[in-house]
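Novice: mind folding the following:
(chains A, B, C and D)
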Protein chains: 2
Amino acid sequence: MDKDTDTAGQKRKTTWKKDPAAVKENILTIATEEFAAHGLSGANINEIARKTATSKRMIYYYFGDKEGLYQHVLERVYSSLRNEEQMLNVADLAPIPALRRLTEATFDSHVNNPQFIRLVMIENIHNAEYVKKSKSIPKLNKAIIDKLTDVCERGKASGVLRVDADPLELHWMTSSASFYNVSNMATFSTSFGDSLYTEQGQKRLRQRVVDMVLGTVVIGYQPDTPSSNCA
Amino acid sequence: MDKDTDTAGQKRKTTWKKDPAAVKENILTIATEEFAAHGLSGANINEIARKTATSKRMIYYYFGDKEGLYQHVLERVYSSLRNEEQMLNVADLAPIPALRRLTEATFDSHVNNPQFIRLVMIENIHNAEYVKKSKSIPKLNKAIIDKLTDVCERGKASGVLRVDADPLELHWMTSSASFYNVSNMATFSTSFGDSLYTEQGQKRLRQRVVDMVLGTVVIGYQPDTPSSNCA
DNA sequence: CTCCTTATGTACCTCTGGGTTAATTTGTCA
DNA sequence: TGACAAATTAACCCAGAGGTACATAAGGAG
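Specialist: Residues are numbered from 1 along each chain as shown, chains lettered A, B, ... in the order given. Next up, the predicted model:
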């Protein structure tokens, strides 16, 4: 991985170690940054190569072409986020706290993974072409729906959730707010100021998202901020 | 604008009319499609030129360079959508119906303007760089906030809205759902099936968005679909 | 009619960026 | 220890895309 920049710099006797795993990982890390920053067509292979500790040839050696690299980047970032989501255990919480917890966790995980958001935006610009091609991504999406399904069933059984509460709709509502919060920060704050993107603004928004989601499925839900305006 | 493809095709005596407005409009229409489809870096000037009724030279004549063209496209599509929004008059509706109406209108206008959505997505990938540069766009965003402010004030005065109802937050909530609905259709339906993107699914979602938004600000709000699951 | 500005078409230039070729080093197994 | 595959480097190729030079037609003013 190291170039031998000899002091004399004459013989160019390069010496290096074989370390395919590290090289691949290094390439993917840099490529993720670049694709997330500039998109598929906007990212530049020469630039990616330059930022890695290895050479352009290695990118083609391991990933075939630009699209292959992008595909790997996409699958890697998807699986990383979904695994993070899978960590969360709400099976031992009552339905309403569980739902609150899931919503907050989704909101937070989006905030903490802007690269994922950007790559999904880019995928949508490409009509999800590469997500569709992927064999690994479809499997990853079951976990969150399963959790919501469980919560809904328990909630309906105990009578605290409306009978028309739907796991997929819940996921859609939570995702839409959480995703937009990150994806459209730039245009939104440019157009309307950044008051919702200060630390306090985000705190309030996070609470509002919980209220929004719970409000649609919890019978007789009342937000816990009854009257006062702001701190 | 018309090329004179002479039958003999020898003398190439091209004949054309001066029509700058139409040429510009034609270029912008095609460019909007191309930028919306492929992004700033993904769109191809030669391809845009080929699809217009004029030549590449004209693009540079009127818009300077690729970025200039993109900037014009962006401003044009922004002003088109915001003008559409401005048409809507809710001043003579009671606060709650007005809020419902505004929410529904936002949802619908997003569905009906996928190119706008795609260009805003692209802008966000570029960190709103070109929106920030624009002189015309900032002015366009006041209208919707003004309307929401009016509704909030009336609603609070008459006691039907919570005192912490905030116009900007309301706009954020409505936008997030409406925007995500269109922007992430490709990845969402790929991952979770297209049940929310059928005609019925969209109808239900639209209602849910209204319930979500009103639920956070209307005192004692109850969705009007009390118990049954689906038709 | 002539001149001038605006508008337009054609052909071309340049360089970037995705991708490749060929040669070299590393490590391993007989 | 020598051969062989895997890993890596450096240098190169070239199509294509952004952008330009140049010539010329359209249309209006005087």
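Novice: count the residues that sit near A:P20.
Specialist: 10 (other C-beta atoms under 10 Å in any protein chain shown). Bear in mind the C-beta positions are built from the backbone N, C-alpha and C, glycine included.
Novice: so what pLDDT did it get?
Specialist: pLDDT for A:P20: 88.
Novice: ok, so what distance separates it from A:T54?
Specialist: Distance, A:P20 to A:T54, using C-beta to C-beta, to the nearest Å: 10 Å.
Novice: tell me the contacts of the residue nearest to A:L170 when sequence neighbours are not counted?
Specialist: Counting by C-beta to C-beta, 6 or more residues apart in numbering or on different chains, A:L148 is the residue found nearest to A:L170 once chain neighbours are left out, at 5.3 Å. Counting by C-beta atoms under 8 Å, 6 or more residues apart in numbering or on different chains, A:L148 touches A:L102, A:P167, A:L168, A:L170, A:H171.
Novice: and the nearest residue to A:A98 once chain neighbours are set aside, what pLDDT?
Specialist: Sequence neighbours aside, A:V90 is the residue nearest to A:A98 in space, at 4.0 Å (criterion: C-beta to C-beta, 6+ apart). Confidence at A:V90, expressed as pLDDT, is 95.
Novice: any idea how far stretch A:79-97 is from the chain center?
Specialist: Centre-to-centre, stretch A:79-97 and its host chain are 15 Å apart (C-alpha atoms, centre = their mean, to the nearest Å).
Novice: where does chain A dip in pLDDT?
Specialist: Within chain A, the ranges that satisfy pLDDT under 70 run A:1-14, A:225-231.
Novice: domain map for it?
Specialist: A:17-64, A:74-217 (automatic domain parsing).
Novice: all helices of chain A, in order?
Specialist: A:20-42, A:45-51, A:56-63, A:66-87, A:95-111, A:114-125, A:129-133, A:137-140, A:142-157, A:167-183, A:185-192, A:199-217 (DSSP state H).
Novice: check contacts around the residue in chain A that DNA strand C sits nearest to.
Specialist: Residue nearest to DNA strand C within chain A (C-beta to the nearest atom of the strand): A:I45, separated by 3.0 Å. A:I45 is in contact with A:K56, A:I59, A:K66, A:L69, counting by C-beta under 8 Å, 6+ apart.
Novice: of the residues you listed, buried ones?
Specialist: Among those, those buried by neighbour count (16 or more other C-beta atoms under 10 Å in any protein chain shown) are A:I59, A:K66, A:L69.
Novice: and chain A, which residues reach DNA strand C?
Specialist: Counting by C-beta under 7 Å from any atom of the strand, the positions of chain A adjacent to DNA strand C are A:13-18, A:43-46, A:56-57, A:60, A:65-67.
Novice: mind giving me the ChimeraX select for those, buried ones only?
Specialist: Those of these that count as buried under 16+ other C-beta under 10 Å are selected in ChimeraX with:
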select /A:43,66
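Novice: closest to DNA strand D out of the buried ones among the contacts of A:I45?
Specialist: A:I59 (9.3 Å).
Novice: now do the closest residue to A:L161 other than its chain neighbours against A:I145, distance only.
Specialist: Nearest residue to A:L161 in three dimensions, chain neighbours excluded: A:G155, at 3.2 Å (C-beta to C-beta, 6+ apart). Separation of A:G155 from A:I145 (C-beta to C-beta) stands at 15 Å.
Novice: for A:Q222, same thing?
Specialist: A:Q222 is 28 Å from A:I145, by C-beta to C-beta.
Novice: between these two, which is the more surrounded one?
Specialist: Counted by other C-beta under 10 Å, A:Q222 and A:I145 do not tie: A:I145 has more neighbours, with 15 against 12.
Novice: excluding chain neighbours, give the residue nearest to that one in space.
Specialist: A:P167 (5.6 Å).
Novice: tally of neighbours for that neighbour?
Specialist: Neighbour count for A:P167, taken as other C-beta under 10 Å: 18.
Novice: give the contact list for it.
Specialist: Residues counted as contacts of A:P167 (C-beta under 8 Å, 6+ apart) are A:I145, A:L148, A:T149, A:V151, A:C152.
Novice: would you convert the residues you listed into JSON lines that also reports distance to B:E25?
Specialist: Formatted as JSON lines, the contacts of A:P167 follow (distance: C-beta to C-beta, whole Å):
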{"residue": "A:I145", "distance to B:E25": "46"}
{"residue": "A:L148", "distance to B:E25": "48"}
{"residue": "A:T149", "distance to B:E25": "51"}
{"residue": "A:V151", "distance to B:E25": "53"}
{"residue": "A:C152", "distance to B:E25": "51"}
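Novice: let me know the closest of these to chain B.
Specialist: Nearest to chain B among these: A:I145, at 7.0 Å, using C-beta to the nearest C-beta.
Novice: thought that closest one was touching A:H171?
Specialist: Yes. The pair A:I145 and A:H171 passes the contact test of C-beta atoms under 8 Å, sitting 6.2 Å apart.
Novice: quick one: contacts for A:L93?
Specialist: With the criterion set at C-beta under 8 Å, 6+ apart, A:L93 makes contact with A:R101.
Novice: what's the distance between it and A:V151?
Specialist: Distance of A:L93 to A:V151, computed by C-beta to C-beta: 8 Å.
Novice: dump stretch A:188-199 to PDB, keeping only the CA atoms.
Specialist: Output of stretch A:188-199 as PDB, limited to C-alpha atoms (Å, rounded to 0.1, in the frame of the first residue of the first chain):
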ATOM      1  CA  PHE A 188     -34.900  24.300   3.100                       C
ATOM      2  CA  SER A 189     -32.500  26.400   5.200                       C
ATOM      3  CA  THR A 190     -31.600  28.500   2.300                       C
ATOM      4  CA  SER A 191     -35.200  29.300   1.500                       C
ATOM      5  CA  PHE A 192     -36.600  29.500   5.000                       C
ATOM      6  CA  GLY A 193     -33.600  30.100   7.300                       C
ATOM      7  CA  ASP A 194     -31.900  27.600   9.600                       C
ATOM      8  CA  SER A 195     -34.100  27.900  12.700                       C
ATOM      9  CA  LEU A 196     -35.200  24.300  12.300                       C
ATOM     10  CA  TYR A 197     -31.600  23.200  11.900                       C
ATOM     11  CA  THR A 198     -30.200  24.600  15.100                       C
ATOM     12  CA  GLU A 199     -29.700  22.200  18.000                       C
END
